[in-house]
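Asks: Any chance you can model this:
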Amino acid sequence: MASYVYICEAANIFVGDAGPNNDKSLILESVKLPDLEENTVAFHPGGSYGALEIGGLGLKELMVEFKTVGCDPQTLANFGVFGVASTNYTIYGAFRSKQDNSLVQLKAMITGRMKKVTPDSYKRGDLFGETFQISEVIHYELDFNGAQLYFYDFFTQSWAVNGVSMTAAVNTMLGLAAT
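Replies: All right, here's what the predicted structure looks like:
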């Protein structure tokens, strides 16, 4: 049987805990989950005619972006330098299967720092908005239809795919707790 085709129908982001002012469903214009990219290095041995891109060197830094319309002081207050702590961000998506019309949930939980706020230029007749960039992501989980696809935690040195730890063996060899 062919893979299901899921189309995102709606999305929401909570900036901070799930309080009434933290729900951005009515002002969210777009949201982008982190790119997953492996760290690599190019290696061209002295006796070789070709180079090799060597992977397996961990994940590149994760970054999340979202855009809202209007001015949202609650979200803006999460930007800052000089000791501003990480914030929890929870992203929800409603995906509909084109095969059987069922709805499934995508849920992403991110802990990171708001590194950048980019306000739109104001022009009469256009919607003004702001784009927010979350970096220094220290925790990322992605669940689809109730099943965990990805789990990443910087401080526990954990990376799991489909519930299977990719780091447990190395962490054990380093004398770290199994994750």
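
Asks: for the chain, which helix is longest?
Replies: Longest helix of the chain, by residue count under DSSP state H: helix 168-173.

Asks: How far off centre is that helix?
Replies: Put simply, helix 168-173 sits 25 Å off its chain's centre (C-alpha atoms, centre = their mean, to the nearest Å).

Asks: where does the protein dip in pLDDT?
Replies: Counting by pLDDT under 70, the chain has low-confidence residues at 1-2, 18, 178-179.

Asks: hmm, what's the outermost residue in this protein?
Replies: Residue farthest from the centre of the chain, counting by C-alpha atoms, centre = their mean, is G47 at 41.3 Å.

Asks: State the helix or strand in which that one lies.
Replies: Using DSSP states H and E, G47 falls within no helix or strand.

Asks: For it, give me the backbone phi and psi.
Replies: Dihedral pair for G47: phi -100, psi 10, per degrees, to the nearest 10.

Asks: Quickly note the distance from it to G93.
Replies: Look at G47 and G93: by C-beta to C-beta, to the nearest Å, they are 50 Å apart. (C-beta placed from N, C-alpha, C; glycine too.)

Asks: again, but for G83
Replies: Going from G83 to G93 by C-beta to C-beta gives 33 Å.

Asks: ditto for V137
Replies: Distance check for V137 against G93: by C-beta to C-beta, it reads 18 Å.

Asks: Ok, D100 next?
Replies: The spacing between D100 and G93, counted by C-beta to C-beta, is 18 Å.

Asks: Then L76?
Replies: To G93, L76 is 24 Å away according to C-beta to C-beta.

Asks: quick one, which of the two is more surrounded?
Replies: More crowded of L76 and G93, by other C-beta atoms under 10 Å: G93, with 19 against 16.
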